[in-house]
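*Asks:* need coordinates for the below:
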Amino acid sequence: MGEILSQEEIDSLLSALSSGEYDAEDYKDTPEKPIIVYDFARPTKFSKDHLRTLVNIFEHYGRLLSTNLPGYLRKSVQVEVINSESVIYSEFVNALSNPVLLGVVSFSPLKGNVIIEWGPNLGYAMIDRMLGGSGIPLEKNRDFSEIEMAIIERVFTNCVSLLREPWKNVTPIDPRLERIETNTQFAQIISPGETIAIISISIKIGDVEGLMNICLPYVTLEPIMDKLNTKYWFASLIEHDEGYAAAMEDMLEKAEVPLSVLLGKSSISVNDFVNLQKGDIIKVGTKIDEELDVYVGKIRKFKALPGTASDKYAVRVTSIIREE
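*Replies:* From the prediction side, this is the model:
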């Protein structure tokens, strides 16, 4: 409890304030709180935690794109999530230019659709690359032809199918590409005033860089909004770790690796090498009872002794080389 002032002390303090000896501003206990503008007509439905979880999901999606797209384009692809924000749908649509590539994607069993937007330069670069070019976009944008749209649809379908894995930590979905629109007027999937979350992803194909924007309406994600938090996302991720590790181990066990044995080394002249015939003997600097080096790929991994097994040449591993 603070000290109680006497009437004489109170009068003295008031007199000092009146004369300007003391400034009342210096004795304020709490600073003024800044006023935050809130638009009740456009309430914020996506919290920072929601957007952070969406970024985590699409960072996983970006890694899948960077490993799958090079198989189609035969060129290095770099993918990075650069921004996330909550706006209304009309702002997103008004910022688009024609022509544009808008993939309308169903998020079954969730209701409604999601939009994936590609920059036109990405579309032209992919088309040029898949038709044998170097992946250079057009200097001036034009409408896409039917053949070009068929090529784009093939890549789009592959990209949409990759959405299953990142979202399984939140909820199982079955995304399907409904259609591709090149005019923004035909992509009115929700009312202009609805709230959406936009995840912006930078895609670099060789030297060409463009944006992919994923538009996620609130009405579509509303049933799972309580799961869009980092705590739930990481908890689900840990639950999948054991199954994921077992699957990876099973795949690694079936992987084939090149195995080679170095029998020995020898030096001969170029003339002798050119005139080698079947049955010629090359003397190497390794003795019969000396251990040989066994290589896995280019790494020296085992020591072994030579021999035969079922009328075939073979080696018997004697020791494992464990140093890096």
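
*Asks:* all strands of the stretch 1-150 of the chain, in order?
*Replies:* With DSSP state E, counting those that start in this stretch, the ranges of strands along the stretch 1-150 of the chain come out as 77-88, 101-108, 113-118.

*Asks:* okay, those strands, which one's buried deepest?
*Replies:* strand 113-118 (a mean of 22; mean count of other Cβ atoms under 10 Å). In this view, the C-beta of every residue, glycine as well, is placed from N, C-alpha and C.

*Asks:* partner strands of it, with direction?
*Replies:* The sheet places strand 113-118 alongside strand 101-108 (antiparallel), strand 208-217 (antiparallel), with pairing taken from DSSP bridges.

*Asks:* any chance of those strands in CSV, with mean pLDDT and distance to Ser134 too?
*Replies:* Formatted as CSV, the entries for the strands paired with strand 113-118 read as follows, by pLDDT from 0 to 100; distance: least, Cβ to Cβ, whole Å:
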stretch, mean pLDDT, distance to Ser134
strand 101-108, 90, 21
strand 208-217, 89, 10
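
*Asks:* of all those, which one is nearest Gly119?
*Replies:* Ranking the strands paired with strand 113-118 by proximity to Gly119 (Cβ to Cβ) places strand 208-217 first, at 3.6 Å.

*Asks:* ok so, going back, how about the strands paired with strand 113-118 in JSON lines, adding distance to Leu276?
*Replies:* JSON lines is the format used below for the strands paired with strand 113-118 (distance: least, Cβ to Cβ, whole Å):
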{"stretch": "strand 101-108", "distance to Leu276": "61"}
{"stretch": "strand 208-217", "distance to Leu276": "51"}
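
*Asks:* tell me which of the ones you listed lies nearest to Asn183.
*Replies:* The minimum distance between Asn183 and these falls on strand 101-108, with 8.4 Å, by Cβ to Cβ.

*Asks:* for the spatially most central residue of the chain, give its distance to Ala95.
*Replies:* Nearest to the mean C-alpha position of the chain, counting by Cα atoms, centre = their mean, stands Gly62 at 2.0 Å. From Gly62 across to Ala95, the span is 22 Å (Cβ to Cβ, to the nearest Å).

*Asks:* what's the offset of the longest helix along the chain from the middle of its chain?
*Replies:* Longest helix of the chain, by residue count under DSSP state H: helix 48-73. When distances are taken as Cα atoms, centre = their mean, to the nearest Å, helix 48-73 is centred 3 Å away from the chain's centroid.

*Asks:* cool, and stretch 266-284?
*Replies:* In this view, stretch 266-284 has its centroid 54 Å away from the chain centroid, taken as Cα atoms, centre = their mean.

*Asks:* can I get it in PDB? Just the C-alpha atoms.
*Replies:* Extracted as PDB, the C-alpha positions of stretch 266-284 are listed here (Å, rounded to 0.1, in the frame of the first residue of the first chain):
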ATOM      1  CA  SER A 266      49.000 -52.700 -62.500                       C
ATOM      2  CA  SER A 267      50.800 -50.400 -65.000                       C
ATOM      3  CA  ILE A 268      51.200 -51.400 -68.600                       C
ATOM      4  CA  SER A 269      52.200 -49.500 -71.700                       C
ATOM      5  CA  VAL A 270      49.700 -48.100 -74.200                       C
ATOM      6  CA  ASN A 271      51.000 -50.500 -76.800                       C
ATOM      7  CA  ASP A 272      50.500 -53.500 -74.600                       C
ATOM      8  CA  PHE A 273      47.000 -52.300 -73.700                       C
ATOM      9  CA  VAL A 274      46.000 -51.900 -77.400                       C
ATOM     10  CA  ASN A 275      47.300 -55.400 -78.300                       C
ATOM     11  CA  LEU A 276      45.600 -57.200 -75.400                       C
ATOM     12  CA  GLN A 277      44.000 -60.500 -76.500                       C
ATOM     13  CA  LYS A 278      41.800 -63.000 -74.800                       C
ATOM     14  CA  GLY A 279      43.800 -65.200 -72.500                       C
ATOM     15  CA  ASP A 280      46.600 -62.700 -71.800                       C
ATOM     16  CA  ILE A 281      47.700 -62.400 -68.200                       C
ATOM     17  CA  ILE A 282      48.100 -59.100 -66.400                       C
ATOM     18  CA  LYS A 283      50.200 -59.200 -63.200                       C
ATOM     19  CA  VAL A 284      48.800 -57.200 -60.400                       C
END
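
*Asks:* tell me the buried residues in that stretch?
*Replies:* Across stretch 266-284, burial judged by 16 or more other Cβ atoms under 10 Å covers no residue at all.
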